[in-house]
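Participant: quick one: sequence and predicted model below, then my questions.
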Amino acid sequence: MLIFENVKKSFNNRLIIDGISFKIEDNHILAILGPSGIGKTTILRIAAGAIMPDAGKIESDRQKVGFIFQEHRLIPWRTALANITFVLKSDKRLAPKERMQIGMAMLERLGLKGFEHYYPAQLSGGMRQRVSIGRAFAIKPDLLLMDEPFTGLDLELKASLQEMLIELLEWRPITMIYVTHDPRDAVLIADETIILTGNPGKIADRIEFHCPRRERDQKYVHENTMKLVEQLSK
Amino acid sequence: MTGRMNRLLKGERKESLWFASGLFILAGIWQAMSLFFSPLVLPSPMETLESLLNLLTSGDSRRDFYVSAYRVLTALIAVIVVGTGIGVVSGFKPRLESLLKPVQDILIAIPPVALIMLVIFLFGSGSPQTIMVAGALVFPLIYGNTVAAVRTVDRDLLEMTGVFNVSGKVRLRDIYLPSVIFSSLPNILLAAGLMVRIVVMAEVIVGVTVGIGDALIIARVNLAAREIFAWMLVMVAVVLIIEGVLLYTIKKYLLRWQVQG
Amino acid sequence: MRAFIGSLNKRLYIGGAIIILLGWEVAARTIAPGTLPSLGETWNSLILVHENGKLWQHLPVSLARSLIGFGIGAAIGFIAGAPAAFNRHFYYLLKPLIGSLLSFPAVVVVMVGMVWFGMGSAVAIFITALFTFPLIYMSTVEGVRMMDAQLLEMAGVYRISKWNLWWNIYLPALTTALLSGFAFAAGTAFRKTVMAELLGSHDGVGYALAMTRFNLDTAELFAWVIVCLFVAAGIKLLLVMPVHKYLRLRNPPEGERSDWKNE
């Protein structure tokens, strides 16, 4: 669970976000939609605990936070498997053998069986992003933050990655904030979407999607995307 | 330096043709010019090779070579260990770096010959002193680049480790150390070639009793240009071999993870 | 050229320098006074060298040799570098020559030079020129390599005349690279001159350095070392720093490099 209450943040005397309030129930997904530069990443950083808000309250029971960046940020000199076991090292309770098992299982789930000992340079862009996503899921986070992870990928690749993401979420539901500028992304996976506009960034609208993720078909996605696009252009 | 390394790694073939032609032309000019001068001034390529053969078969010369090689290796290892060690600490502590900067600046600014003379005065002339001064001259290169390597570790990677709450020890071992080592490789290559030249120079000025420097001094006194040229070939060959071997091991074992061509 | 990353803590820098000076003074007093001259003795020696004319006898000679050698080396480097920069075949043709020059141990070349020219100015100038040449050559080649490919493409599209091309694109790029090459080579030129003089001349700073060994005059040795440091500092202040400032002003734009070596 994560609650933001009237959060404000400034940088260099410039107010970036103002009056941000939302509540995410356990294992629910919030999408934050808005144009670039509006403060979406700032909200993520505050949620991660990396920076403190200037005003407002944050309530959460987060212990472990997972982060999926726009760039894959894999360690170039470690294999795919090693990249996943790397973040598992923070969990003192896991023995090296257990870390390996978790890593191998995760890679299989990501569809990367056979590529465990490949280095990032030997993997395709899509595969690298898959490892990056799997890495975040592997630590069993209480909160998962995603910062436009599919930007810049071609549509086919993006579709397959999003499908994989939905499968992972079925397997391991997580409380998640998903930041994007593409409304279709929000419709595909979010339970609730907030639209950020203006300078400073404020919540312009809140939309909920009650249809279970599995059942969101083309028609549903298309309709709701149009709705969001309308909202965005206001 | 990295560019040269990458090019060697890619193993371009078309350019090798022109390179080889350049080599032949060079040898040709050398041969032509040697006809005009006495062998005491400019020995021909053949005479040099003959002299080289004599060197390789002479027990004394081989001993000179081994002694110098030993000095080069010792100084190189010492400088890498000390330079990287202090460099890493300085990398993390800018204050230490500022404190040490006068030393760095002096070592860079001082003419190498002056430093060698300084060491001779203070510590005498001999083998250990030669090694020491050679190390001191190459130290700024390794140290400076290690500090830079620590500072230029990928920030995105570091942010990632922060977000995933990775411990400092793990961060050091999996991110900092490999990053610094990989950044330092071209400079270690450079340092190896440099060390050969500097050790021989130190030997000549210090006036050691055994080693390539000693052989050179004797050759000069005897006006044996042939021998000087032969030793020159030896040194160039040694530098090429060291760089070749290092390059090979680096490419084969340490840089497996890099993009292939 | 190594960049100093991070800001310099001026106080600690001066502090470090003072520690070195203090350590020197302490060592000079406690360890056999005959070996290490104290700061005072060194200073006196410096004055002495100036007063008895030695400084003015040797320093100008060395500087002159450096300058001449540098000039010759740079000129040849540029003349060879220009065609090599534009024609890759020529570049690879010259590569063995440049490569060998860079890997020859300087001492050996000095010895060869001594066999050829005997002792005197010729050796020093020869060595300086020989070691400046590859540096300026490389700078010239790099300079052309660095030219912004986009600018060149733009020039092609607008069918800019050869003259215009040269004046506005090639020349600035060349001068930029040349200047930074000059700055770097200037530092090494003086050092090479001194080394050549040490072994092969009857005057000059290098010779003076060699003589102190026979006189066992440590104080004078230190004095000459300080002279060298001053020259190095002088070159840095008068040449290197202005060049860097100038280069930073021009600041080559980010873009693809016209890099036929990587084709």
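Facilitator: Everything's here; your move. Numbering: from 1, shown residues only, chains lettered A, B, ... in the order given.

Participant: count residues in the vicinity of the residue of chain A at minimum distance from chain C, would you?
Facilitator: Nearest residue of chain A to chain C, counting by C-beta to the nearest C-beta: A:Ala121, 18.2 Å away. Any C-beta I mention is one placed from the backbone N, CA and C, and that applies to glycine too. Close neighbours of A:Ala121, defined as other C-beta atoms under 10 Å in any protein chain shown, add up to 14.

Participant: and it, how far is that from A:Glu223?
Facilitator: Using C-beta to C-beta, to the nearest Å, we find A:Ala121 at a distance of 42 Å from A:Glu223.

Participant: okay, the residue of chain A closest to chain C: pLDDT?
Facilitator: pLDDT for A:Ala121: 90.

Participant: I'd say it and A:Pro76 touch.
Facilitator: Yes: the pair formed by A:Ala121 and A:Pro76 meets the contact definition of C-beta atoms under 8 Å, at 6.5 Å.

Participant: need the overlap of contacts for the two.
Facilitator: Listed contacts common to A:Ala121 and A:Pro76 are B:Trp257, B:Gln258; contacts here mean C-beta atoms under 8 Å, 6 or more residues apart in numbering or on different chains.

Participant: tell me, what residue is most central in chain A?
Facilitator: Residue closest to the mean C-alpha point of chain A, counted by C-alpha atoms, centre = their mean, is A:Met146 at 2.0 Å.

Participant: A:Ala47 contacts A:Thr175, correct?
Facilitator: No: A:Ala47 is not in contact with A:Thr175 according to C-beta under 8 Å; the separation is 10.0 Å.

Participant: those two: who's more crowded?
Facilitator: A count of neighbours by other C-beta under 10 Å puts A:Ala47 above the other of A:Ala47 and A:Thr175, at 24 against 21.

Participant: quick one, domains of chain C?
Facilitator: As assigned by automatic domain parsing, chain C contains the domains C:1-36, C:42-262.

Participant: return the residues of the stretch 51-200 of chain B in contact with chain A.
Facilitator: When proximity is defined by C-beta under 8 Å from any C-beta of the partner chain, the stretch 51-200 of chain B lies next to chain A at B:156-157, B:159-160, B:162-167, B:170, B:174-175, B:178, B:182.

Participant: helices or strands next to the top helix by length along chain B in the packing?
Facilitator: When chain B is parsed with DSSP state H, its longest helix is helix B:59-92. Other helices and strands packing on helix B:59-92, by 3 or more C-beta pairs under 8 Å, 6 or more residues apart in numbering or on different chains; DSSP states H and E, are helix B:45-57, helix B:94-109, helix B:127-151, helix B:177-206, helix B:212-221.

Participant: so for the second one, mean pLDDT?
Facilitator: Put plainly, it is helix B:94-109. Average pLDDT, helix B:94-109: 88.

Participant: following that helix, which helix or strand comes up?
Facilitator: Per DSSP states H and E, the first helix or strand lying C-terminal to helix B:94-109 is helix B:112-123.

Participant: could you name the helices and strands sitting against that next one?
Facilitator: Under the contact definition 3+ C-beta pairs under 8 Å, 6+ apart, helix B:112-123 sits against helix B:127-151, helix B:177-206, helix C:171-200, helix C:205-215, helix C:218-235.

Participant: domain-wise, how is chain A divided?
Facilitator: Split by automatic domain parsing, chain A gives A:75-140, A:204-234.

Participant: in TSV: these, plus distance to A:Arg14.
Facilitator: TSV is the format used below for these (distance: least, C-beta to C-beta, whole Å):
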stretch	distance to A:Arg14
domain A:75-140	31
domain A:204-234	20
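
Participant: kindly state the beta-bridge partners for A:Ile32.
Facilitator: Taking DSSP bridges as the rule, A:Ile32 bridges to A:Val179, A:Ile194.

Participant: ok, it touching A:Gly39?
Facilitator: No: with contact defined as C-beta under 8 Å, A:Ile32 does not reach A:Gly39; the gap is 9.2 Å.

Participant: more neighbours, those two?
Facilitator: Ranked by neighbour count (other C-beta under 10 Å), A:Ile32 and A:Gly39 place A:Ile32 first, with 29 against 24.

Participant: contacting residues for that one?
Facilitator: A:Lys40, A:Ile43, A:Ile177, A:Tyr178, A:Val179, A:Thr180, A:Thr193, A:Ile194, A:Leu196.

Participant: most neighbours among these, please name it.
Facilitator: Within the contacts of A:Ile32, neighbour counts (other C-beta under 10 Å) peak at A:Ile43, which reaches 27 neighbours.

Participant: quick one, helices of the stretch 1-150 of chain C?
Facilitator: C:10-30, C:39-51, C:54-86, C:88-103, C:106-117, C:121-145, C:149-157 (DSSP state H, counting those that start in this stretch).

Participant: mean pLDDT for these - can I get that in CSV?
Facilitator: Formatted as CSV, the entries for the helices of the stretch 1-150 of chain C read as follows, by pLDDT from 0 to 100:
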stretch, mean pLDDT
helix C:10-30, 85
helix C:39-51, 82
helix C:54-86, 88
helix C:88-103, 81
helix C:106-117, 85
helix C:121-145, 87
helix C:149-157, 70
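
Participant: of all the ones you listed, which one is nearest chain A?
Facilitator: Comparing the helices of the stretch 1-150 of chain C by C-beta to the nearest C-beta, helix C:149-157 comes nearest, at 22.2 Å.

Participant: longest helix anywhere in chain A?
Facilitator: Max-length helix for chain A by DSSP H is helix A:155-171.

Participant: contacts for it, please.
Facilitator: A:29, A:109-111, A:125-126, A:129-130, A:133-134, A:137, A:149-150, A:153, A:176, A:185, A:188-189, A:213-214.

Participant: what's the nearest residue to residue 141 if we skip its chain neighbours?
Facilitator: All of this refers to chain A. Distances taken as C-beta to C-beta, 6 or more residues apart in numbering or on different chains place A:Gly66 nearest to A:Pro141, at 3.4 Å, with adjacent residues excluded.

Participant: not what I meant, chain B
Facilitator: The spatially closest residue to B:Leu141, leaving aside those adjacent along the chain, is B:Ala191, at 5.7 Å (C-beta to C-beta, 6+ apart).

Participant: SS state for A:Leu196?
Facilitator: strand (DSSP: H, G, I helix; E, B strand; the rest coil).

Participant: contacting residues for it?
Facilitator: A:Ile17, A:Ile32, A:Leu33, A:Gly34, A:Ile38, A:Gly39, A:Lys40, A:Lys202, A:Ile203, A:Ala204.

Participant: re earlier: deepest in the core, which of the domains of chain A is it.
Facilitator: Per residue and on average, the most neighbours among the domains of chain A fall to domain A:75-140, with a mean of 18 (mean count of other C-beta atoms under 10 Å in any protein chain shown).

Participant: quickly list what's touching both of A:Ala47 and A:Thr175.
Facilitator: What both A:Ala47 and A:Thr175 touch, as defined by C-beta under 8 Å, 6+ apart, is the set A:Leu2, A:Leu143.

Participant: flag the shaky bits of chain A, pLDDT-wise.
Facilitator: Applying pLDDT under 70 to chain A flags the ranges A:234.

Participant: show me where it has strands.
Facilitator: Taking DSSP state E as the criterion, chain A carries its strands at A:2-11, A:14-24, A:29-33, A:55-60, A:65-68, A:143-147, A:175-180, A:192-197, A:202-208.
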